[in-house]
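Enquirer: Fold the following.
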Amino acid sequence: VLLEHGDLLRFGGDAILVFFTGDDHVGRACRAAVDMREAIGDVETPGDPLGISIGLATGTITADRIGQASQEIIVSGPTVDRMLAAESAASSGEIGIDDALAEILPSDVVDATPHTKLLLDDPDIAPLLDDLPEVRIAEGVDPDRFISPDLRDRLTLSVQEGQHRTASIGFLRVSGLGALDDDDRVDALSRLFGSVIDRCGANAVSYLGADVDKDGVKFILAAGVPNRVRTKDGLASALHEIVESEQRLSISGGSAHGAVFAGDLGAPGRRCYTVMADTVNLAARLAAAAPPGEVWTTAAALDRTAGVFETTSLPPIALKGKSMEVTPIRLDVLQAHADEDTITGEVIGREAEIAAVRRLIDHGLAGSGAVVVLTGTEGLGKGTIAAAATQDRAEVNTRLRCTDRWEGIHGIARRLIQLILGSEDVYTAA
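Expert: So this is what the prediction gives:
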């Protein structure tokens, strides 16, 4: 993609959205697609070989910048819809193209049938570019604003390994953007995005990002990743509140609970935090199947919700990628909101560690100095233990800081001295 001077607009772990513009954008996009297909074929895996399907379309796209403190770029329009349709029609190993591309490309590289049009090979329209483009941040743009608040600190550290976790995943599917004029579309999306960020914060849910969808957009939410949830979670409450409060846009929601693989993916200069697994796919397909104004979930996800709902069990339905029918549960009326204590819950299985930290804190408050070191790989709950140990100690000022390497006892002492002196680099990563 970079060699062909493409712009990576979205990177979701198992899917990317790339934008080509300028001279020979058609040839560069086609060559990048063929090269990506070949690169995937060369990857050796212990199990089944990796597969890839690609959709290409050419035309005008709409990019709306929405939000205030947190912002998103929403890409939509007929060209995006045709690209999604081409990718959906392509099987593994195929590159689907829209009618506009089929008319432009040489006939010897296009396989046209009544239902699909495929790119067979690299159209040798222009020479391959051999210089990587310079990556620059536009003047006056704060890139942190385009990263979810829950992910900003994480993605500024070094690359962290992925983890297999149990989590609740939710999707909000917005459709009908093509029926709105530019001003109404931007205003409605901005208001909705503000509601998404607000409701996520109120229910201890993480906003992970947005993705393209036919005539609309999808917002991805999560509870349990990247931040752990002890007992129940507020995802269902957040989805229901967002859908119920939306008056202008056609919106539906879906959620599922189960095992996911979550972590940082990408190159050092372009990374994202993403979630992958059947749980994610199920949540997305429930959101797509639900009518506007409804939120569908599963029994497993409902069992995890901290809110209290009136629900309706719907007839089983067949969903893509599922060998057996799924029984959706519709969230009807939210009878009781999730409260913070229910969401955070108590820490289970770390009583001895928490007690040990509390004893040292009490010794310190009594005038006896002490140092306790919590070590372990990312995600084991070091910060959770520290927070739980100081929960009932109002006189203790707790500061939690992440570092990608152990600094030793002297490093801890230096940080404490900097904190006391008010040094500006207290939180500078080592």
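
Enquirer: Which strand runs longest in this structure?
Expert: Taking DSSP state E as the criterion, the chain has its longest strand at strand 250-267.

Enquirer: Within its sheet, name the partner strands of that one and how each one runs.
Expert: Sheet pairing for strand 250-267, assigned by DSSP bridges, gives strand 163-175 (antiparallel), strand 270-276 (antiparallel), strand 295-297 (parallel).

Enquirer: just the strands in the stretch 1-150 of the chain please.
Expert: Ranges of strands in the stretch 1-150 of the chain, per DSSP state E, counting those that start in this stretch, are 7-11, 16-19, 54-56, 62-67, 71-76, 95-97, 110-112, 117-119.

Enquirer: and if you look at the stretch 301-430 of the chain?
Expert: Secondary structure of the stretch 301-430 of the chain (DSSP E, counting those that start in this stretch): strands at 308-313, 329-336.

Enquirer: Just say which of these is most tucked in.
Expert: Counting by mean count of other Cβ atoms under 10 Å, strand 329-336 has the highest mean neighbour count of the strands of the stretch 301-430 of the chain, with a mean of 16. Using the backbone N, CA and C atoms, a C-beta is placed for each residue, glycine as well.

Enquirer: okay, the strands of the stretch 1-150 of the chain, which one's buried deepest?
Expert: strand 95-97 (a mean of 28).

Enquirer: From the rest of the structure, what touches that one?
Expert: Strand 95-97 has contacts (Cβ atoms under 8 Å, 6 or more residues apart in numbering) with 30, 33-34, 37, 53-57, 85-90, 105, 110, 116-119.

Enquirer: Tell me which helix or strand in this protein has the weakest average pLDDT.
Expert: helix 340-344 (a mean of 50; mean pLDDT, DSSP states H and E).

Enquirer: in the longest strand of the chain, what's buried?
Expert: By neighbour count on 16 or more other Cβ atoms under 10 Å, the buried set for strand 250-267 is 250-258, 260-266.

Enquirer: for that strand, what is the average pLDDT?
Expert: For strand 250-267, mean pLDDT rounds to 89.

Enquirer: Numbering from 54 from now on, please.
Expert: Sounds good: first residue 54 from here, last item strand 303-320.

Enquirer: Please save the CA atoms from that strand in PDB.
Expert: Backbone C-alpha positions of strand 303-320 (Å, rounded to 0.1, in the frame of the first residue of the first chain) are rendered in PDB as follows:
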ATOM      1  CA  SER A 303     -31.700   5.000  11.400                       C
ATOM      2  CA  ILE A 304     -29.700   3.000  14.000                       C
ATOM      3  CA  SER A 305     -29.700  -0.600  15.400                       C
ATOM      4  CA  GLY A 306     -27.400  -2.400  17.800                       C
ATOM      5  CA  GLY A 307     -26.100  -5.900  18.500                       C
ATOM      6  CA  SER A 308     -23.900  -7.500  21.200                       C
ATOM      7  CA  ALA A 309     -22.300 -10.800  22.000                       C
ATOM      8  CA  HIS A 310     -20.200 -12.100  24.800                       C
ATOM      9  CA  GLY A 311     -17.400 -14.700  24.600                       C
ATOM     10  CA  ALA A 312     -13.700 -15.300  23.900                       C
ATOM     11  CA  VAL A 313     -11.800 -12.700  21.800                       C
ATOM     12  CA  PHE A 314      -8.300 -12.000  20.700                       C
ATOM     13  CA  ALA A 315      -7.400  -8.400  21.500                       C
ATOM     14  CA  GLY A 316      -4.200  -6.500  21.100                       C
ATOM     15  CA  ASP A 317      -2.100  -4.100  19.100                       C
ATOM     16  CA  LEU A 318      -1.600  -4.900  15.400                       C
ATOM     17  CA  GLY A 319       0.300  -3.100  12.700                       C
ATOM     18  CA  ALA A 320       3.700  -1.500  12.000                       C
END
